[in-house]
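A.B. asks: With the sequence up front, the predicted model follows.
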Amino acid sequence: MKILSAKKVISNTAGILLIAVILSGVLVSCSGNDAPPALSENVAETKAVETQDENLRKNAKDNLPELDFGGKEMRFLHRGSAPNLGDPDLRLEIDAEESGEVVNTALHDRKLSVENRLNIGIKILTADEGIDSGAAMNKLIRASVTAGSDDYDILLNHMSQATPLALEGLLYNLNLFNYLDFAQPWWSESFANAAQVYEQLYFAAGDISLCKLQSTYVFYYNKDMYASFFSDSLYDTINSGSWTLDKLGELCATVYSDLNGNGVADFDDLYGYVTQSVNYIDSLVGASNVILSRRDSEGLPRLVYNKEEHTFDFLEKIIPLLHHGQLVWYDPNSSDVSVLVTKLKNETGLFASGRFASADSYRDMESDFGIVPVPKFDETQEKYTNWIHNAFSTVSVPVTCSDIDAAAATIEAMCAEGYRSVVPAYYETALKVKYSRDDETSQMLDMISDSVVFDFAFIYSASLSNVMQQFRELVKLNSGTAASTMESNYPKFEAKLKTLLASFEAMK
């Protein structure tokens, strides 16, 4: 299969070699009132998790002065239905019942601490929907703002679904608020840089909710199976920078076995990698450092993915890998995480796509398992990079909020305390102790967290005709028309971007 760029025929040596080797059988196996100073794309998070000094987080100081809001009630609106398997439990974003479980205790203690510190009361209002939607929240917010009602102070909503609210003028520009300091480590400075236009930032990402960390893409793997097939250390491969899509294909070719003996590669067989199109293609795009947009000389985002040869190189490598048949169990239509968990647990899958939130699903697994980064494109890629499931919660403030100082102070205090206590409880105790079973996995978790990048077109994809999600369909096509399909779709994405930028300009 060959993908033709609209500009020229791409000669992707690595992709061709992958196919040729497989067929021949050789393949054996966010700064106070000022906007963040830099506007950049795909800058890896470096502050996500710092474990070298246990006191670093605990003793981190924020810049909030002594404040007293006289017992004011601060109303949070967030999503809160019961989670599907592998999803974060959004019911626990703001508070949790004390049950002796370390993360729930940390969440409950944070709420009490912030209430006492600011002399406020926190009221939790919930839209009945899960991680994959923000429609119910958006309906509530639009109705409230349209009516001029002061119903909510702070919103925690689906990242992508927050974008239309911003463009409709329903959210405050957070860069204008006192007390918010996006240069602090509890905020994703990378997100703030990527999300803002004309020094306007309408929603932010940080440690106010565990959802961001829990939504980070990873690979799970069956360590016992790996040891039965290979004598080397996967961790050494990763640390040397050799954990790539080609390496994944090599391992998968060794592992495949027709377990039911019917001569057909089907679900019951043994595969090196099991995945799905819905959501998890996104993880492969981000890990291969495909750039969707870049800033021009005026600091405005421009779509570039269809002008960069690396985009086509990625498609030429990933499509034959996923559709080979005997390398990967790939379901292009499903989002059922239980299938991936089952394949790994019953030892008919060596690697499985997932997110940090999936870790709890493997706690009762009899075989030993590990958590590793999603493989990068090739060894010339300098660093491992990573996307987050785009449905994680960002924080914003509706324009009907009557006390923006109280809202900003509450957000900053909650986010800072999340950094100091909630994230360590989840990360250090739950992920590293309860869920992971060796020191190497702990090191991998640090590497994964530190590799997160954000792209303007990723963040605003819902307002750009789902420009990010187009890769799911391009991979699903499994044909040589991916490039032409990409080019034919580009005008609608470009038109949406023009409208989006005009909205930002009008709101200056």
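C.D. replies: Received it, and whenever you're ready, just let me know what you need. Note that this is a predicted model, so its numbers are computed, not measured. Numbers count the residues shown, from 1 in each chain.
A.B. asks: what ranges do the strands span in the stretch 351-500 of the chain?
C.D. replies: Assigned by DSSP state E, counting those that start in this stretch, the stretch 351-500 of the chain shows strands spanning 369-372, 393-396.
A.B. asks: and if you look at the stretch 51-200 of the chain?
C.D. replies: For the stretch 51-200 of the chain, strands defined by DSSP E, counting those that start in this stretch occupy the ranges 72-79, 120-127, 154-158.
A.B. asks: Make CSV out of the ones you listed and add mean neighbour count.
C.D. replies: Just so you know, the C-beta spots here come from the backbone N, C-alpha and C atoms, and that holds for glycine as well. Listed next are the strands of the stretch 51-200 of the chain as CSV, based on neighbours: other C-beta atoms under 10 Å:
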stretch, mean neighbour count
strand 72-79, 20
strand 120-127, 18
strand 154-158, 26
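A.B. asks: quick one: the residue nearest to residue 345 when sequence neighbours are not counted from residue 344, how far?
C.D. replies: Excluding the flanking residues, the one nearest residue 345 by C-beta to C-beta, 6 or more residues apart in numbering is residue 365, at 5.1 Å. Counting by C-beta to C-beta, to the nearest Å, the gap from residue 365 to residue 344 is 7 Å.
A.B. asks: What of residue 278?
C.D. replies: 18 Å.
A.B. asks: cool, residue 87 as well?
C.D. replies: The value you get for residue 87 to residue 344, if C-beta to C-beta is used, is 17 Å.
A.B. asks: what residue ranges in the stretch 401-508 of the chain are flagged as low confidence?
C.D. replies: Along the stretch 401-508 of the chain, segments meeting pLDDT under 70 span 437.
A.B. asks: List the buried residues of stretch 469-485.
C.D. replies: 469, 470, 471, 472, 473, 474, 475, 476, 482, 483 (16 or more other C-beta atoms under 10 Å).
A.B. asks: From these, which land in helices?
C.D. replies: 470, 471, 472, 473, 474, 475, 476, 482, 483 (DSSP state H).
A.B. asks: Apart from its chain neighbours, what residue comes closest to residue 352?
C.D. replies: Using C-beta to C-beta, 6+ apart and skipping residues adjacent in sequence, the residue nearest residue 352 is residue 340, 4.2 Å away.
A.B. asks: The one you found: which element?
C.D. replies: helix 337-345 (DSSP states H and E).
A.B. asks: Residues touching that helix, excluding its own?
C.D. replies: 84-87, 220-222, 271, 274-276, 329, 331, 349-354, 358, 361-362, 365-367, 369 (C-beta atoms under 8 Å, 6 or more residues apart in numbering).
A.B. asks: mind redoing it with 6 Å?
C.D. replies: 85, 86, 220, 222, 274, 349, 352, 361, 365 (C-beta atoms under 6 Å, 6 or more residues apart in numbering).
A.B. asks: swap in stretch 260-278?
C.D. replies: Contact with stretch 260-278 is made by 251-252, 255, 257-259, 325-326, 328-332, 334-335, 340, 343, 348-353, 472, 476, as judged by C-beta under 6 Å, 6+ apart.
A.B. asks: Could I get the average pLDDT for it?
C.D. replies: In this model, stretch 260-278 carries a mean pLDDT of 93.
A.B. asks: got the buried residues for that stretch?
C.D. replies: Along stretch 260-278, these residues count as buried under the neighbour rule (16+ other C-beta under 10 Å): 265, 269, 270, 271, 272, 273, 274, 275, 276, 277, 278.
A.B. asks: helix/strand/coil for the fourth one?
C.D. replies: Three-state assignment for residue 271 (DSSP: H, G, I helix; E, B strand; the rest coil): strand.
A.B. asks: bridging residues for it?
C.D. replies: residue 349 (DSSP bridges).
A.B. asks: what's the least confident helix or strand in this structure, going by average pLDDT?
C.D. replies: Using mean pLDDT, DSSP states H and E, the weakest-scoring helix or strand in the chain turns out to be helix 13-24, at a mean of 38.
A.B. asks: my read: residue 94 touches residue 125, true?
C.D. replies: No - Residue 94 is not in contact with residue 125 according to C-beta atoms under 6 Å; the separation is 9.9 Å.
A.B. asks: So for residue 365 and residue 344, which sits in the more crowded spot?
C.D. replies: Higher neighbour count among residue 365 and residue 344: residue 344, with 25 against 17, using other C-beta atoms under 10 Å.
A.B. asks: Excluding chain neighbours, give the residue nearest to the more buried one in space.
C.D. replies: Ranked by C-beta to C-beta, 6+ apart and with sequence neighbours excluded, the top spatial neighbour of residue 344 is residue 352, at 4.6 Å.
A.B. asks: where in the stretch 1-150 of the chain is pLDDT low?
C.D. replies: Filtered on pLDDT under 70, the stretch 1-150 of the chain yields the residue ranges 1-54.
A.B. asks: In it, mark out all the helices, start to finish.
C.D. replies: 13-24, 54-58, 102-118, 135-146 (DSSP state H, counting those that start in this stretch).
A.B. asks: Flag every buried residue along the shortest one.
C.D. replies: Burial within helix 54-58, assessed by neighbour count using 16+ other C-beta under 10 Å, is assigned to residue 57.
A.B. asks: Alpha carbons of that helix, as PDB, please.
C.D. replies: Provided in PDB are the C-alpha atoms of helix 54-58 (Å, rounded to 0.1, in the frame of the first residue of the first chain):
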ATOM      1  CA  GLU A  54       8.800  13.700  48.400                       C
ATOM      2  CA  ASN A  55       8.600  17.100  50.200                       C
ATOM      3  CA  LEU A  56       8.700  19.100  47.000                       C
ATOM      4  CA  ARG A  57       5.000  18.800  46.400                       C
ATOM      5  CA  LYS A  58       3.900  18.800  50.000                       C
END
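A.B. asks: elements contacting it?
C.D. replies: Of the remaining helices and strands, none touches helix 54-58 by 3 or more C-beta pairs under 6 Å, 6 or more residues apart in numbering; DSSP states H and E.
A.B. asks: and with 8 Å instead?
C.D. replies: For helix 54-58, the packing partners by 3 or more C-beta pairs under 8 Å, 6 or more residues apart in numbering; DSSP states H and E come out as helix 423-424.
A.B. asks: now swap in the longest one and tell me
C.D. replies: Counting contacts by 3+ C-beta pairs under 8 Å, 6+ apart, helix 102-118 packs against strand 120-127, helix 404-417.
A.B. asks: Nearest residue to residue 489 in space, please, no chain neighbours.
C.D. replies: Among residues not flanking residue 489 along the chain, residue 470 sits closest, at 6.2 Å (C-beta to C-beta, 6+ apart).
A.B. asks: try residue 333
C.D. replies: What sits nearest to residue 333 in space, not counting adjacent residues and going by C-beta to C-beta, 6+ apart, is residue 277, at 6.7 Å.
A.B. asks: Need phi/psi at that neighbour.
C.D. replies: phi -70, psi -50 (degrees, to the nearest 10).
A.B. asks: So that it lines up with my notes, have the first residue be 34 from now on.
C.D. replies: Taking 34 as the first residue, the last one we looked at is residue 310.
A.B. asks: tell me how far stretch 454-463 is from the chain's mean position?
C.D. replies: Once both centres are worked out by C-alpha atoms, centre = their mean, to the nearest Å, stretch 454-463 turns out to sit 18 Å from its chain's centre.
A.B. asks: which residues does the closest residue to residue 507 other than its chain neighbours contact?
C.D. replies: The spatial neighbour of residue 507 that comes closest, neighbours along the chain excluded (C-beta to C-beta, 6+ apart), is residue 515 at 4.5 Å. Residue 515 makes contacts with 36, 348, 352, 507, 508, as judged by C-beta under 8 Å, 6+ apart.
A.B. asks: between those residues, which is nearest residue 467?
C.D. replies: Nearest to residue 467, judged by C-beta to C-beta, of the contacts of residue 515 is residue 508 at 34.4 Å.
A.B. asks: Please, which helix or strand holds the residue lying closest to the closest one once chain neighbours are set aside?
C.D. replies: The shortest distance from residue 508 to any non-neighbouring residue, by C-beta to C-beta, 6+ apart, is to residue 314 (5.3 Å). Secondary structure assignment for residue 314, by DSSP H and E: helix 313-320.
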